[in-house]
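[1] Predicted model and sequence follow; I will ask about them next.
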Amino acid sequence: MANGLKIENLSKSFLTADRRPLSVLEDICLTVDNSEFVTIVGHSGCGKSTLLKIIAGLEAADSGGVSVDGRPCNAPGPDRGMIFQEHRLLPWLTIEQNVTLGLEGVPRREKAEISGHYLKLVRLDGFGKAYPSELSGGMSQRAAIARALATQPQLLLLDEPFGALDALTKIEMQKEILNIRRNSNNTMLMVTHDIEEAVYLSDRVVVMSSRPGRIKEIVKIELAESRNRGSADFAWYKQRILLHFFDEDEESRPEFSI
Ligand SMILES: Nc1ncnc2c1ncn2[C@@H]1O[C@H](COP(=O)(O)OP(=O)(O)OP(=O)(O)O)[C@@H](O)[C@H]1O
Ligand SMILES: [Mg+2]
């Protein structure tokens, strides 16, 4: 049986307002092994969110296929959790109720245990009875991560999860994600515009071309698990990814060399 996420020859287009087809993703092929952390970077509008939505089963591909452990991803399922740029917590529910939203049919006591476990994992123990309006941006995003983890998805899809956070909170959240990964062993596929974040977190970084999005390059990050953002090796990977990012457009290529 195929293990992990498998994307095969996936293409997708949308119709524009004046009814013209807009090719967004072209012939995407990618496999993500179980427990692997892969990040996708690419210019705005190249189809990254569309790709995650197709994997989550929220959007249909025109051709090609997506499967997790051999199971096709044609509709949303508990094996895939998604975290969006904005936390999307329901303001009228407590944090505990938000976290357990996806646990239909689970007895109340078990729900409380599950929410307690995941709120502790994201360092929000004690906030179960609070409402989203009582939490800061970083805390709300941690609650959204707890909600996505509560259904114990095999694959976690993260669409710019820290894009709206300030620089320091973002660094804390990145550490949090590494911590969660060590404790839960999830497979993670993340979209980010932050190349430093990609190098800090990933086993591999996928660089996409401008729309229609194609995979241009996959960079394997061969750094120790505990990464030093100030090291020369770290900077080398950042530059390498930036060069792949800009080589389609010599005009906008930044002035630096590896
Ligand atoms: N439901 C839709 N109907 C029509 N066009 C769409 C739809 N969803 C996305 N698009 C178009 O598809 C293209 C890719 O959108 P997508 O949101 O996947 O880009 P992205 O790579 O995530 O960009 P960003 O980095 O800015 O978030 C864009 O041109 C967008 O306008
Ligand atoms: Mg997007």
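    All right, it came through fine. Ligands and ions are numbered 1, 2, ... in the order given.
[2] Can you name the residue of the stretch 151-258 of the chain nearest ligand 1?
    Scanning the stretch 151-258 of the chain for proximity to ligand 1 using C-beta to the nearest ligand atom identifies residue 211 as nearest, at 5.9 Å. Bear in mind the C-beta positions are built from the backbone N, C-alpha and C, glycine included.
[3] need the contact list for residue 223.
    199, 233, 234, 237 (C-beta atoms under 8 Å, 6 or more residues apart in numbering).
[4] Can you tell me the element the last one falls in?
    When secondary structure is defined using DSSP states H and E, the element that contains residue 237 is helix 232-246.
[5] Show me which residues of that helix are buried.
    For helix 232-246, a neighbour-count test (16 or more other C-beta atoms under 10 Å) marks 234, 237, 238, 240, 241, 242, 243, 244, 245 as buried.
[6] burial measure for the residue lying closest to the second one once chain neighbours are set aside, as a count.
    It stands for residue 237. The shortest distance from residue 237 to any non-neighbouring residue, by C-beta to C-beta, 6 or more residues apart in numbering, is to residue 199 (4.6 Å). Using other C-beta atoms under 10 Å, residue 199 has 24 neighbouring residues.
[7] Can we start the residue count at 29 from this point?
    Yep, numbering from 29; the last one is residue 227 now.
[8] Correct me if wrong: residue 227 contacts residue 264.
    No: Residue 227 is not in contact with residue 264 according to C-beta atoms under 8 Å; the separation is 9.4 Å.
[9] Name the residue closest to the centre of this structure, please.
    Residue closest to the average C-alpha location in the chain (C-alpha atoms, centre = their mean): residue 186, at 2.0 Å.
[10] Brilliant, that's me finished.
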